[in-house]
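**Student:** turn this into a structure:
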Amino acid sequence: MSRIGKRPIPVPAGVTVSITGNSIVVKGPKGELSRALPTDITVSQEGSDLVVKRPSDEERHKALHGLSRTLVANMVEGVTTGFKKVLEITGVGYKAEPKPYGALLSLGFSHQIEYKAPAGVKISAANPTTVLIEGASKELVGQVAAEIRSLRKPEPYKGKGVKYQGEVVRRKAGKAGGK
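**Tutor:** The predicted structure is shown next:
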């Protein structure tokens, strides 16, 4: 059996889970998430735990078993504590300004970039060079962070651009000077 797939998922108090067929809906204090799971994988609630089961030991079922368990566990964690990513902006004049629709980014282009965040994701900025992305869906938070980072990736010569907090940008030496 899959080591990840066979572990039960504890459901904390205040979280309700409804399973209909191959779809699962998880509601909690941070919001509501729903997902359609593969048809072969079954999820059942046993007491205060969720158990993910597979029909056979085929390679495909083994792969889907661990994946489905992790997706459901991320849904439960998302509606209880939520997920967040922090982006750091480096460069002279580079900044982010939170707006009701998302963020207004100045990244060294001749124009400012308006990034509209999808529903369920909140973008805030403690200071102009740090962007905090929060939400209940791990996928959505990661996708928004990746899209904002892709607007101006960190470059290796001066390190300017948008990077994840803790990301290390390998620097290059640049041109060797004259004589």
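
**Student:** and the closest residue to Arg149 other than its chain neighbours, what are its bridge partners?
**Tutor:** The shortest distance from Arg149 to any non-neighbouring residue, by CB to CB, 6 or more residues apart in numbering, is to Val162 (4.8 Å). Using the backbone N, CA and C atoms, a C-beta is placed for each residue, glycine as well. Assessed by DSSP bridges, Val162 has beta-bridge partners Ile89.

**Student:** quick one: neighbours of Val162, just the number.
**Tutor:** By other CB atoms under 10 Å, 24 other residues sit near Val162.

**Student:** my read is that it contacts Ala146, right?
**Tutor:** No: using CB atoms under 8 Å as the test, Val162 is too far from Ala146 to be in contact (10.3 Å).

**Student:** intersection of neighbour lists for those two?
**Tutor:** Jointly contacting Val162 and Ala146 under the rule CB atoms under 8 Å, 6 or more residues apart in numbering is no residue at all.

**Student:** against which helices or strands is the longest helix seen in the chain packed?
**Tutor:** The longest helix of the chain (DSSP state H) is helix 59-80. Counting by 3 or more CB pairs under 8 Å, 6 or more residues apart in numbering; DSSP states H and E, the packing neighbours recorded for helix 59-80 are strand 9-10, strand 23-28, strand 31-36, strand 49-53, helix 138-151.

**Student:** what mean pLDDT does the third one get?
**Tutor:** Just to be clear, that refers to strand 31-36. Taken as a whole, strand 31-36 carries a mean pLDDT of 94.

**Student:** give the partner strands of that strand in its sheet and their orientations.
**Tutor:** Neighbouring strands of strand 31-36 in its sheet, by DSSP bridges, are strand 23-28 (antiparallel).

**Student:** so which of the helices and strands packed on helix 59-80 gets nearest Thr81?
**Tutor:** strand 23-28 (9.2 Å; CB to CB).

**Student:** rewinding a little: figure out which of the helices and strands packed on helix 59-80 is closest to Glu167.
**Tutor:** Between the helices and strands packed on helix 59-80, helix 138-151 lies closest to Glu167; by CB to CB that is 8.9 Å.

**Student:** by how many degrees do the closest one and strand 31-36 diverge?
**Tutor:** 100 degrees (axes from the mean of the first three to the mean of the last three CA atoms, to 10 degrees).

**Student:** i'd like the first residue to be 867 from this point on
**Tutor:** All right, first residue 867 from here; so that's helix 1004-1017.

**Student:** what does helix 1004-1017 contact?
**Tutor:** The contact list for helix 1004-1017, computed with CB under 8 Å, 6+ apart, reads 940, 943-944, 949-951, 953, 969, 971, 973, 979, 981, 983-984, 986-987, 989, 997, 999-1001, 1028-1030.

**Student:** out of those, which are inside helices?
**Tutor:** Counting by DSSP H, the contacts of helix 1004-1017 contribute Asn940, Glu943, Gly944 to helices.
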